[in-house]
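**Q** Mind looking at a prediction? Sequence and model below.
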Amino acid sequence: MGEMSLSSIQKKEKITDQVLAQIKDAFMRGELKPGDRLPGASELAAKMGVGISSVREALKMLESLGAVEARQGEGTFVCNTLREGAANALAIQFMLLPQTAEYLAQFREIYETAYTHLAMANATPEDLAAVEAAVEALEEKVTVKSPEALVEAQDELDFHRSVLFCTHNPYIIKIGEVSLELFFEIVHARLAPLPIAEAAEDHRNIFSALKEKDCEKLRKVFKKSFPAWYARFMG
């Protein structure tokens, strides 16, 4: 790890927030990378001209977000991956945005169309098998439940996550997981979800388009499904 470019903090805003901002900027500049050891709290405090308690508080916040981990006797290190169970700052920010029907419907149409086309281009045979397994699991539920039964949020999430993973793009996957969970939780909390048979048919058609790399078939699926989502949200 190279030298972190830190400056003396001007005490106009909350000091802990400014400490966090400087550490974030070090990530953005590439001065901190996954696996790097951070300078000690006392060294960071001295360079920024703040109390060590403010630095420790900032490091604790980063640890709760899964960005760094403290190792006994070794120091604090930048995590290589997001720790399971860590607080997801992006999810929290999404939940604080205005959750209007129009915003959510527009976002889902634009985002899902884009990542599904990328999934079509990047999907491996193993990816497609996982997508089909999610489709078959829902189709099996159709056979044991009434076709008029309503699809569950988890079934929707399982399918759409499997499509997301086909993109093999960690940025798209991370944003997609957060947005899909928010979208379907809101839908199932505020609106009557789709009949399970209808959801299974849509999922099967999307899978077929992915497998056949048929953009026109995918366009037709979306042309049918998105207006229905808009109508249910805006109604």
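**A** Okay, I see it. Numbers count the residues shown, from 1 in each chain.
**Q** Other residues contacting the helix or strand of the chain with the lowest mean pLDDT?
**A** Counting by mean pLDDT, DSSP states H and E, the chain has its least confident helix or strand at helix 89-96, which shows a mean of 75. Applying C-beta atoms under 8 Å, 6 or more residues apart in numbering, the contact partners of helix 89-96 are 65, 174, 175, 178, 179, 181, 182. Bear in mind the C-beta positions are built from the backbone N, C-alpha and C, glycine included.
**Q** let's go with 7 Å and repeat that
**A** 65, 178, 179, 182 (C-beta atoms under 7 Å, 6 or more residues apart in numbering).
**Q** quick one: which of those sit in helices?
**A** 178, 179, 182 (DSSP state H).
**Q** Can you tell me which of the residues you listed is nearest residue 207?
**A** Looking at the ones in helices among the contacts of helix 89-96 and their distance to residue 207, the nearest is residue 179, at 20.8 Å (C-beta to C-beta).
**Q** Give the buried residues for the following helix or strand past the least confident helix or strand of the chain.
**A** Moving toward the C-terminus from helix 89-96, the next helix or strand (DSSP states H and E) is helix 101-122. Using 16 or more other C-beta atoms under 10 Å as the test for burial, helix 101-122 gives 101, 104-105, 108-109, 111-112, 115-120.
**Q** so what are the domain limits for the chain?
**A** 15-78, 89-234 (automatic domain parsing).
**Q** where's the longest one relative to the chain centroid, distance-wise?
**A** Right, the one you point to is domain 89-234. 14 Å (C-alpha atoms, centre = their mean, to the nearest Å).
**Q** Tell me which stretches of the protein form helices.
**A** 15-28, 41-48, 52-64, 89-96, 101-122, 125-144, 153-165, 170-190, 196-212, 215-234.
**Q** which of the contacts of helix 89-96 has the most neighbours?
**A** When neighbours are counted by other C-beta atoms under 10 Å, residue 179 leads the contacts of helix 89-96 with 21 neighbours.
**Q** Quick check, that residue in contact with residue 111.
**A** Yes: applying C-beta atoms under 7 Å as the test, residue 179 and residue 111 come out as touching, 6.3 Å apart.
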